[in-house]
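S.K.: Give me a 3D structure for the following:
(one chain, ligands or ions: 1)
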Amino acid sequence: MTPDPITELVARRIGVLISGRGSNLQALIDAAQDGRLDASIVVVISNRENAAGLDRARQAGIDAVVLPHTGWPSRDDYDRALARELQARRVGLVCLAGFMRRVGPALIDAFPDAVVNIHPSLLPAFPGADAQRQAIEHGVKVSGVTVHFVTPELDAGPIILQRAVPVLEGDTEDTLSARILAAEHQAYPAAITLLLNGGWRIVGRRVVRPTGPDAASPSPPRADS
Ligand code: GRF
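M.R.: The predicted structure is shown next:
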């Protein structure tokens, strides 16, 4: 079985999009530095100039770019500008990490099957903002983390990895958020590693890793990575 051409496109040069605190960015930086993630974060882009994550990037020696989302004629124009910044740095995988903007086809099509997001719930439960508050209000006993491909529909793309997190008696939005965040910091590097190891493909809504005699051996990263 020939290597999946989609997987071949996923280079080990990562661009991270943020809007704020950047603790997931930090988890990726740490994982890349200590060898758990065999990839390089080559650029961090924020739509907000005061995002704390920009300092995390600078401290790690990573190119930190501010690209405000205001003042563009359209959402597509902004997404195209994002794509240009990422392509200029030969990014192969785009990771959204608390990027508080919907992204559309102008960015997604520039990186086919190579834009991913982390969301603090077990999707399809509780998409959108305040996922942890939604979980508390709904009274679920288990919530968690989802890493998924980004599609134009909000928080609805094919799921790469999920981790369950218990909701405990007496949890508040804050205590649940903290427990989920700790799981996020483990899940994101793990999900990216799954992608970079290759051998997967998207079938309908599912990200599948074929097994058996025809299974692909892990696809190698792109030669220019
Ligand atoms: C995380 O909970 C992430 O799942 C969500 O936004 C939050 C970002 O936190 N998409 P941080 O900026 O990575 O600390």
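S.K.: Just give the closest residue to the residue sitting nearest the centre point of the chain, not the sequence neighbours.
M.R.: Nearest to the mean C-alpha position of the chain, by CA atoms, centre = their mean, lies residue 117 at 3.0 Å. In this structure, residue 117 finds its nearest non-sequential neighbour in residue 96, 4.1 Å apart by CB to CB, 6 or more residues apart in numbering. Yep, even glycine has a C-beta here, placed from its N, CA and C like the rest.
S.K.: Would you mind measuring from residue 115 to the ligand?
M.R.: Using CB to the nearest ligand atom, to the nearest Å, residue 115 is found at 14 Å from the ligand.
S.K.: So in the chain, where's the weakest helix or strand by average pLDDT?
M.R.: In the chain, the helix or strand scored least confidently by mean pLDDT, DSSP states H and E is helix 5-8, which has a mean of 44.
S.K.: Following element in sequence after the helix or strand containing residue 81, please.
M.R.: Following DSSP states H and E, one finds residue 81 within helix 75-88. Following helix 75-88 in sequence order, the next helix or strand is strand 93-96 (DSSP H and E).
S.K.: what's in contact with that next one?
M.R.: Contacts with strand 93-96, where a contact means CB atoms under 8 Å, 6 or more residues apart in numbering, come from 10-17, 28, 39, 86, 103, 107, 111, 114-118, 150, 188, 192, 195-196.
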